[in-house]
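J.: Show me how the following folds:
(chains A, B, C and D)
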There are 2 protein chains.
Amino acid sequence: MPYRAVVSAELAKLFGVLSHPIRIRILEELKKEDLTVGTLKDMLGITHSAVSQQLAVLRSNHLVVEMRQGRNVFYHLRRPELATWIMDGVSFISPDASEVEKMISAIQSAKSAWGDEKKAPPRRKKRGA
Amino acid sequence: MPYRAVVSAELAKLFGVLSHPIRIRILEELKKEDLTVGTLKDMLGITHSAVSQQLAVLRSNHLVVEMRQGRNVFYHLRRPELATWIMDGVSFISPDASEVEKMISAIQSAKSAWGDEKKAPPRRKKRGA
DNA sequence: TGTACATTTATAGATATGCTAAAGTTTGCA
DNA sequence: TGCAAACTTTAGCATATCTATAAATGTACA
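T.: Purely as a prediction, here's the structure:
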């Protein structure tokens, strides 16, 4: 039984889902609180269609859950530890030498924004943020 | 400055590199010891060309280092913690319902083979993914 | 040298992914 | 009912990735 092949394939699929900047940003933002498509669209500065399509990918891979609330659809991160684990991956990235300076400060900003911020128990939320 | 975008993009790139079963298997095997293309080819059961192409991806992303030794080229995992971190991702995979049983045992086999081997005596396993 | 061995690079067709724009759904409310 | 808001889905196209095959490079050694 090629268990190694099985596990590697599943991991590869997971990594494939995570191999898009927008999807990563969505997961990191959802770590803090449940958000609607409209809110995410504003945060990310892309069309609602694009947001929705990326959410569909995350949804079909069971990383997020949708919760309808009236006309809005809130998205919820199933396993908040996922966002933490993703950020741990930052120590393995290797930016171009020319951009090292920028990257280092960007990483620190991202870490403090996504890594340390506290997270409240998800419930109905308002727009804004 | 869109530091979030910068970091997300770099992470996405890393995940993209990891989003292939062969590349994951290579990294896990290299965790234990440096290996040549020929050895990897036998372990993975694919052509030497395919191995080399995947190694080129890992190499150009600085995850492995090549070390020529006569006619052979040994590959070395730059950051062994990377393999550990990758395996931690196993807790976020979501296999098809029909394959859950198989996956659970495959995961445990993989964990003991890649996770514990050459380090400490087999520990008690928990968590079922 | 020449040749066998180990590995890398080049190429091409098939597949997959992502974006834009447009159409389709569901819900709330007058 | 009918209409608008908030989303999702579909379609088409451009781009990226994968796999396999073929050719090229580099090294050891007779």
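
J.: Tell me how far the nearest residue to residue A:18 once chain neighbours are set aside lies from residue A:92.
T.: Using C-beta to C-beta, 6 or more residues apart in numbering or on different chains and skipping residues adjacent in sequence, the residue nearest residue A:18 is residue B:15, 4.1 Å away. Every residue, glycine included, has its C-beta placed from N, CA and C. Distance of residue B:15 to residue A:92, computed by C-beta to C-beta, to the nearest Å: 10 Å.

J.: For the residue nearest in space to the middle of chain A, pull up the helix or strand it's in.
T.: The C-alpha lying nearest the average C-alpha coordinate of chain A belongs to residue A:27 (C-alpha atoms, centre = their mean; 1.6 Å). Assigned by DSSP states H and E, residue A:27 belongs to helix A:21-32.

J.: and the next element down the chain from that helix?
T.: Once the chain leaves helix A:21-32, the next helix or strand it forms, by DSSP H and E, is strand A:35-36.

J.: Need the residues that contact the helix or strand just after that following strand.
T.: Later in the chain than strand A:35-36, the nearest helix or strand by DSSP H and E is helix A:37-44. With contact meaning C-beta atoms under 8 Å, 6 or more residues apart in numbering or on different chains, helix A:37-44 is reached by A:22, A:25-26, A:29, A:35, A:47-48, A:51-52, A:55, A:72-73, A:75, A:127-129.

J.: rerun that using 6 Å as the cut-off
T.: With C-beta atoms under 6 Å, 6 or more residues apart in numbering or on different chains as the test, helix A:37-44 has contacts from A:48, A:51, A:52, A:73, A:127.

J.: Stretch A:69-78 now?
T.: Stretch A:69-78 has contacts (C-beta under 6 Å, 6+ apart) with A:30, A:31, A:34, A:35, A:36, A:37, A:55, A:64, A:65, A:66, A:67, A:122.

J.: if we go to 10 Å?
T.: A:26-40, A:51-52, A:55, A:58-59, A:62-68, A:83, A:119, A:122-125, A:127, B:92, B:94 (C-beta atoms under 10 Å, 6 or more residues apart in numbering or on different chains).

J.: So among these, which ones count as buried?
T.: A:26-37, A:39-40, A:51, A:55, A:58, A:63-64, A:83, A:122, A:125, B:92, B:94 (16 or more other C-beta atoms under 10 Å in any protein chain shown).
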